[in-house]
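Participant: I'd like to go over a predicted model; first the sequence, then the structure.
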Amino acid sequence: MRYYIIAGEASGDLHGANLMKELNKRDTSSAVRAWGGDLMKDEGAELVKHYRDLAFMGFSEVIQNLRTILGNIAFCKKDILAHKPDVLILIDYPGFNLRIAEFAHQHGIKVFYYISPQIWAWKQNRVFKIKKFVDRMFVILPFEKEFYSRFALEVDFVGHPLLDSLEQKRNSFSTSSDFRKKHQLNEKPIIALLPGSRKQEVSVMLPLMLSVKDSFSDYQFVIAGAPSLTPEFYKSISNDSSVKVLSEVTYELISHAEAALVTSGTATLETALLGTPEVVCYKGGKISYAIARSLIKVKYISLVNLIMDRLVVTELIQDKLNRKNIEVELKSILTTDARSKMLVDFKELVEKLGGSGASAKTAELMLKYLKG
């Protein structure tokens, strides 16, 4: 079968690649054309556009790049018609993907949506577009099935694909001493910094995270570099030669860290599933944040707290994200009972996510619906 997959971010590229791997096992004649990244390309996808050329953050940045975004949408529509896929598989990225879903539906192309947009948090009216234009939805968070049922929409809960990705990665992790030796780290305990994957957010988040460095002289701060950004970019922001930047080994870095400061997003869940205590951080532009706050309908910004439906990891948002608060919360998860409590909660989190096998289950269901 001919698959056309669209993922607009690094996490979508990861999950798309794992889905492709399972589809290829079950469909030896599969051909994939995709908007994604290097991981999907490595699995055999013919890459149309890389996600690093698609990611625009915040309301103001979207407006500034509106011509580019509209041009990408127009190009995507033409490309889909030119290649006539058997199915369009959309991965999150709702602002773009829901427009493409409508177009594909109008042209008789079957539409699957893997990894629901976070419409339970804001823009809940998007559920009506999903009902109208998406043939089947595959969700990865346990509360999403109940959310969609409120709108009389049946979806498949397949479990979270991160569990598969982490299981695969763990098997290749080196020991702590080998990891340190390989990356020229000293023997001090590690505090991992995950300041985001876009230049705009890293420019804001990284200086705030590093502001507490002098208060933790017994630890070493190490930056997890995003695939789309160069180590030189991080160094230009940190302006501190003692802070190392490690790219391509984010999971392993987190696993060897005593604690992490994490920009809100999928990374908050990844860090928790790797069993590393964390403080969740977020600071955006004042206008963008004010608009978002007026629209968002959930209590928390981190997936960990949303899935657990209670405060498990501290969220330092906007004005609360300052040097004093970061220092207090980081010390807490390094030296107090809050650390052990958080680790117990992380084990419960894994259980709630439904175990491993999400990618395989999704591939099986997709092929079943395509053949049915």
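Facilitator: Arrived safely, thanks for sending.

Participant: measure D27 to M366 for me?
Facilitator: Computed with CB to CB, to the nearest Å, the distance linking D27 and M366 is 9 Å. From N, CA and C alone the C-beta is placed, and that goes for glycine too.

Participant: Looking at these two, which is more packed in?
Facilitator: M366 (26 against 15; other CB atoms under 10 Å).

Participant: all helices for the stretch 251-372 of the chain, in order.
Facilitator: Per DSSP state H, counting those that start in this stretch, the stretch 251-372 of the chain carries helices over the ranges 266-273, 286-295, 303-308, 323-335, 337-352, 358-371.

Participant: so how far is the longest one from its chain's centroid?
Facilitator: From the chain centre to the centre of helix 337-352 is a distance of 21 Å (CA atoms, centre = their mean, to the nearest Å).

Participant: Outline the domain layout of the chain.
Facilitator: Per automatic domain parsing, the structural domains of the chain span 2-159+357-371, 166-352.

Participant: Dump those domains into TSV; add mean pLDDT as well.
Facilitator: Listed next are those as TSV, based on pLDDT from 0 to 100:
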stretch	mean pLDDT
domain 2-159+357-371	91
domain 166-352	92
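
Participant: Let's check: the centremost residue of this protein is which one?
Facilitator: Nearest residue to the geometric centre of the chain (CA atoms, centre = their mean): T266, 3.4 Å.

Participant: ok, D240 - how many residues close by?
Facilitator: A count of neighbours around D240, defined by other CB under 10 Å, yields 12.

Participant: my bad, E329
Facilitator: Applying the criterion other CB under 10 Å, we find 24 residues in the vicinity of E329.

Participant: ok, it touching L316?
Facilitator: Yes. Distance between E329 and L316: 6.6 Å, which falls inside the contact criterion (CB atoms under 8 Å).

Participant: Quickly list what's touching both of the two.
Facilitator: Each of V279 lies in contact with both E329 and L316 under the rule CB atoms under 8 Å, 6 or more residues apart in numbering.

Participant: So which residues of the stretch 51-200 of the chain form helices?
Facilitator: Ranges of helices within the stretch 51-200 of the chain are 58-64, 66-83, 94-106, 126-133, 142-149, 161-170, 176-182, 199-210, based on DSSP H, counting those that start in this stretch.

Participant: of all these, which lies closest to V155?
Facilitator: Across those, V155 has its closest neighbour in helix 142-149 (4.7 Å, CB to CB).

Participant: Show me what the closest one is packed up against.
Facilitator: On a contact count with 3 or more CB pairs under 8 Å, 6 or more residues apart in numbering; DSSP states H and E, helix 142-149 meets strand 136-139, strand 156-157, helix 303-308.

Participant: mind redoing it with 10 Å?
Facilitator: If you count contacts as 3 or more CB pairs under 10 Å, 6 or more residues apart in numbering; DSSP states H and E, helix 142-149 packs onto helix 126-133, strand 136-139, strand 156-157, helix 303-308.

Participant: and those as JSON lines, adding mean neighbour count and distance to Y114?
Facilitator: Formatted as JSON lines, these follow (neighbours: other CB atoms under 10 Å; distance: least, CB to CB, whole Å):
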{"stretch": "helix 126-133", "mean neighbour count": "16", "distance to Y114": "12"}
{"stretch": "strand 136-139", "mean neighbour count": "22", "distance to Y114": "5"}
{"stretch": "strand 156-157", "mean neighbour count": "18", "distance to Y114": "10"}
{"stretch": "helix 303-308", "mean neighbour count": "21", "distance to Y114": "17"}
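
Participant: May I see the ones you listed arranged in a markdown table, with distance to N322 as well?
Facilitator: Rendered in a markdown table, the data for the helices and strands packed on helix 142-149 read as follows (distance: least, CB to CB, whole Å):
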| stretch | distance to N322 |
| --- | --- |
| helix 126-133 | 34 |
| strand 136-139 | 36 |
| strand 156-157 | 39 |
| helix 303-308 | 20 |
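
Participant: L39: which of those is closest?
Facilitator: With CB to CB as the yardstick, what comes closest out of the helices and strands packed on helix 142-149 is strand 136-139 (18.8 Å).

Participant: Relative to that closest one, what are the paired strands and their orientations?
Facilitator: According to DSSP bridges, strand 136-139 has the following sheet partners: strand 110-114 (parallel), strand 156-157 (parallel).

Participant: ranking these by burial, who's on top?
Facilitator: Of all the strands paired with strand 136-139, strand 110-114 has the most neighbours on average by mean count of other CB atoms under 10 Å, namely a mean of 23.

Participant: so that one versus helix 161-170, what angle?
Facilitator: With axes from the mean of the first three to the mean of the last three CA atoms, to 10 degrees applied, the angle from strand 110-114 to helix 161-170 works out at 60 degrees.

Participant: Remind me which helix or strand Y3 belongs to.
Facilitator: Taking DSSP states H and E as the criterion, Y3 maps to strand 2-7.
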